[in-house]
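Trainee: Structure here, sequence nowhere to be found:
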Ligand SMILES: [Zn+2]
């Protein structure tokens, strides 16, 4: 199971379609069941959930497996039935791709538990989680660097991050209609679930312990990806802060310190 996690409107489906698009290039047989079908991609068999005719995710996955696909996509794991359907597909040995509503990567474990998957099912099938959020891209025409503001300095210090001498800021010009930003990009976290992570999941540890475990082992969280994008002038610290906590624990931290 490869799951793309994020809140509504964070571009999860776009990431999944980008993956499917690149898989199609290798001429694989990909079948997806979605509710609704958001984009039609050539070379992919799309099946639409149709509850009126009794075609939910569980029935759809059964039908899909009879087609012997190389990859199965399930639009969204959003309840116990779709979580179970995802496990059925993954247990058949086909890679299963889906999206799930979660604040961050480790949060996915709790969401799957809430959908009645047991720790054994989760650790047997979960291979990778991609968590993501969207941030605005700095306008390359008018972006500029300056010394960090007191607020930026304080935010970084409280998060335990290094404060750079110069940070990128938005300004505004004709090219960006005075917004300082143009279009959006993703900040990502990719969690390849390792052997020690599996044993922690099987021990039933909560997301906070998993989060701490990953942090100790140098895992790059969404915040880290965001900070490196802010350092490169792709986006700003303001945009990252505006996301309101790139993980549950960062958010608690921010609330404690009234950021
Ligand atoms: Zn501009």
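Mentor: Cool, the structure landed. Because the structure is predicted, anything quoted here is derived from the model rather than measured.

Trainee: hang on, residue 141 is in a strand, isn't it?
Mentor: No: checked against DSSP: H, G, I helix; E, B strand; the rest coil, residue 141 lies outside a strand; its state is coil.

Trainee: Assess the claim that it and residue 177 are in contact.
Mentor: No: counting by Cβ atoms under 8 Å, residue 141 does not reach residue 177; the two are 11.3 Å apart. Yep, even glycine has a C-beta here, placed from its N, CA and C like the rest.

Trainee: which bits of the stretch 51-200 of the chain sit near the ion?
Mentor: Residues of the stretch 51-200 of the chain found near the ion (Cβ under 5 Å from the ion) are 139, 141-142, 173, 175-176.

Trainee: need the helices for the stretch 101-250 of the chain, in chain order.
Mentor: Counting by DSSP state H, counting those that start in this stretch, the stretch 101-250 of the chain has helices at residues 107-114, 119-125, 150-158, 195-202, 207-216, 222-231, 237-242, 248-256.

Trainee: rank the ones you listed by pLDDT, which is bottom?
Mentor: Of all the helices of the stretch 101-250 of the chain, the minimum mean pLDDT falls on helix 248-256 (a mean of 59).

Trainee: So for residue 217, what's the pLDDT?
Mentor: Looking at residue 217, its pLDDT reads 93.

Trainee: Compute the distance between it and the ion, please.
Mentor: Going from residue 217 to the ion by Cβ to the ion, to the nearest Å gives 40 Å.

Trainee: Likewise for residue 55?
Mentor: For residue 55 relative to the ion (Cβ to the ion), the value is 48 Å.

Trainee: so who does that residue touch?
Mentor: Remark: with contacts taken as Cβ atoms under 8 Å, 6 or more residues apart in numbering, residue 55 is in contact with 47-49, 63.

Trainee: Next one, pLDDT for it please.
Mentor: 93.

Trainee: what are the bridge partners for it, then?
Mentor: Beta bridges link residue 55 to residue 50, judged by DSSP bridges.

Trainee: That one and residue 33, how far apart?
Mentor: Distance of residue 55 to residue 33, computed by Cβ to Cβ, to the nearest Å: 8 Å.

Trainee: Mutual contacts of those two, please.
Mentor: 47-49.

Trainee: just the buried members of those?
Mentor: Buried residues within those, counting neighbours by 16 or more other Cβ atoms under 10 Å: 47, 49.

Trainee: Now render the shared contacts of residue 55 and residue 33 as TSV, adding pLDDT and distance to the ion.
Mentor: Shown next, in TSV, are the shared contacts of residue 55 and residue 33 (pLDDT from 0 to 100; distance: Cβ to the ion, whole Å):
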residue	pLDDT	distance to the ion
47	92	44
48	93	42
49	94	43
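
Trainee: would TSV of the shared contacts of residue 55 and residue 33 with distance to residue 99 be doable?
Mentor: Converted to TSV, the shared contacts of residue 55 and residue 33 look like this (distance: Cβ to Cβ, whole Å):
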residue	distance to residue 99
47	16
48	16
49	14
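
Trainee: what's the closest of the shared contacts of residue 55 and residue 33 to residue 102?
Mentor: The shortest gap between residue 102 and any of the shared contacts of residue 55 and residue 33 belongs to residue 49, at 21.1 Å (Cβ to Cβ).
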